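In: Give me coordinates for this.
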Amino acid sequence: YHFYHYGKYTYGRKQQSMKKRGFCLASVYRVANAEWSPLGQDHYTCLNQGISAGWGDTYNDALVCQWIDVSNYDTSVKPITDTLTTDDNPDSFLCEGKPVLAKTGDQIWIKTNFTTTCCSSQKTEGQCCSYDKENGANGTECCNGLPVYKRKCQYFDNYRQDNILKKEFTLGLDGNGQITDSCQYRSGSWSELRDCGFRLKRKWNYLSCVSPGDQVTLNVSLSSEALRKQQQYQIFRVCESSVQYKAGVACFYNNSLANVIVTDEWKLVKFQCPTKRADSQIEIGGHYSIYVAPYFEEDEHNATFIQWNEI
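Out: All right, here's what the predicted structure looks like:
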């Protein structure tokens, strides 16, 4: 049940069969002593390690983030907008109130309907499948394992009221993501390091390389059209492609296979053909996608003119 009870993230309300779960813990602080300064940091985010190593990190080397699985949603034709729900402390394992102590001053522990090893009626391995019935929630019983206990607590009135947050969220077209969004409301790195203002050209969306793990070499240059329009620099980014979606994964700079500045001179771009993802029977590798963007973010809406060929 590790961390399972402290936060529940779900996406979807219209088709409950597609509702998935996941969570992410992130270290946050203001980068400047001002209200307008964003909460967050470049390195320890949910896109990277999640929570920084320190006194609050029992993992010592940072926590691997988990995500809501939305792979059952079909976004090959159009985007889908639905509700992203955050439910903090759904099973009341954290005492939002006053701890109930014994006469000796010791903490009182109460038994829950959870066990350390759970299974659902479909015998899903490793899934915790029961909800704490004292909170009135419905769920299947856990089986096997040892009982899980939580601290006895006198909860504040309406303590659950501010624990649930809902927000409309749009799943973009396959192959699109944050890096294809406008840079207008983004902050962070710019120029070739930025993760916004890119475009995925459909004919470059699902390209094949011969052997996963082998080196791929592309010869890249600006086209004559770019030079006529006085666009002297553009960015050429290579990302892994998903076999399941037959589309690019819209990778960030840190995860790109290659990321170069393109000029009017031909340049060799070398990268490793994506390999098979561990424990996946679908993502067997061997495919990549190309994203392009103007070098200067203020030109993000201008056309891009890049030509390339594989060597």
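In: Give me the neighbour count for Thr217.
Out: Thr217: 11 surrounding residues under other C-beta atoms under 10 Å. For glycine as for every other residue, the C-beta is placed from the backbone atoms N, C-alpha and C.
In: Gly12 now?
Out: 20.
In: In this structure it contacts Thr83, no?
Out: Yes. Counting by C-beta atoms under 8 Å, Thr83 is a contact partner of Gly12 at 7.1 Å.
In: Which SSE is immediately downstream of the helix-or-strand element of the chain with minimal mean pLDDT?
Out: Lowest on mean pLDDT, DSSP states H and E among the helices and strands of the chain sits helix 224-228, with a mean of 70. Of the helices and strands lying after helix 224-228 in sequence (DSSP states H and E), the nearest is strand 234-242.
In: Parallel or antiparallel, list what pairs with the helix or strand that that following strand is followed by.
Out: Of the helices and strands lying after strand 234-242 in sequence (DSSP H and E), the nearest is strand 247-248. As defined by DSSP bridges, the strand partners of strand 247-248 come to strand 234-242 (antiparallel).
In: where does the stretch 51-200 of the chain have low pLDDT?
Out: For the stretch 51-200 of the chain, residues meeting the criterion pLDDT under 70 lie at 51-67, 117-144, 185-189.
In: Show me the strands in it, by range?
Out: 80-88, 97-99, 109-115, 147-151, 153-155, 164-171, 199-200 (DSSP state E, counting those that start in this stretch).
In: out of these, deepest packed?
Out: strand 199-200 (a mean of 20; mean count of other C-beta atoms under 10 Å).
In: So which other helices or strands are in contact with whatever helix or strand comes next after that strand?
Out: Per DSSP H and E, the first helix or strand lying C-terminal to strand 199-200 is strand 207-208. Where contact means 3 or more C-beta pairs under 8 Å, 6 or more residues apart in numbering; DSSP states H and E, strand 207-208 is packed against strand 287-294.
In: go again using 10 Å as the cut-off
Out: Packing partners of strand 207-208 (3 or more C-beta pairs under 10 Å, 6 or more residues apart in numbering; DSSP states H and E): strand 234-242, strand 287-294.
In: With just CA atoms, put the longest one into CSV.
Out: Included here for strand 234-242 are C-alpha records, laid out as CSV according to Å, rounded to 0.1, in the frame of the first residue of the first chain:
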residue,chain,number,x,y,z
GLN,A,234,16.4,26.6,-37.0
ILE,A,235,16.3,23.7,-34.5
PHE,A,236,16.2,20.0,-35.6
ARG,A,237,15.2,17.6,-32.8
VAL,A,238,15.0,13.8,-33.0
CYS,A,239,12.7,12.0,-30.6
GLU,A,240,11.8,8.3,-30.1
SER,A,241,8.5,7.2,-31.7
SER,A,242,5.9,5.0,-30.0
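In: shouldn't Val238 be in contact with His287?
Out: No. The pair Val238 / His287 is not scored as a contact, 11.2 Å apart, by C-beta atoms under 10 Å.
In: if I look at those two, which residues touch both of them?
Out: Residues touching both Val238 and His287 (C-beta atoms under 10 Å, 6 or more residues apart in numbering) are 207, 248, 274.
In: average pLDDT for stretch 246-255?
Out: Taken as a whole, stretch 246-255 carries a mean pLDDT of 91.
In: got the helices and strands packed on strand 207-208 as JSON lines, with mean pLDDT columns?
Out: Converted to JSON lines, the helices and strands packed on strand 207-208 look like this (pLDDT from 0 to 100):
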{"stretch": "strand 234-242", "mean pLDDT": "94"}
{"stretch": "strand 287-294", "mean pLDDT": "93"}
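In: Same list (the ones you listed) but as a markdown table, adding distance to Ser71.
Out: A markdown table is the format used below for the helices and strands packed on strand 207-208 (distance: least, C-beta to C-beta, whole Å):
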| stretch | distance to Ser71 |
| --- | --- |
| strand 234-242 | 9 |
| strand 287-294 | 17 |
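In: can you put those in TSV and add mean neighbour count and distance to Gln154?
Out: Shown next, in TSV, are the helices and strands packed on strand 207-208 (neighbours: other C-beta atoms under 10 Å; distance: least, C-beta to C-beta, whole Å):
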stretch	mean neighbour count	distance to Gln154
strand 234-242	24	49
strand 287-294	24	54
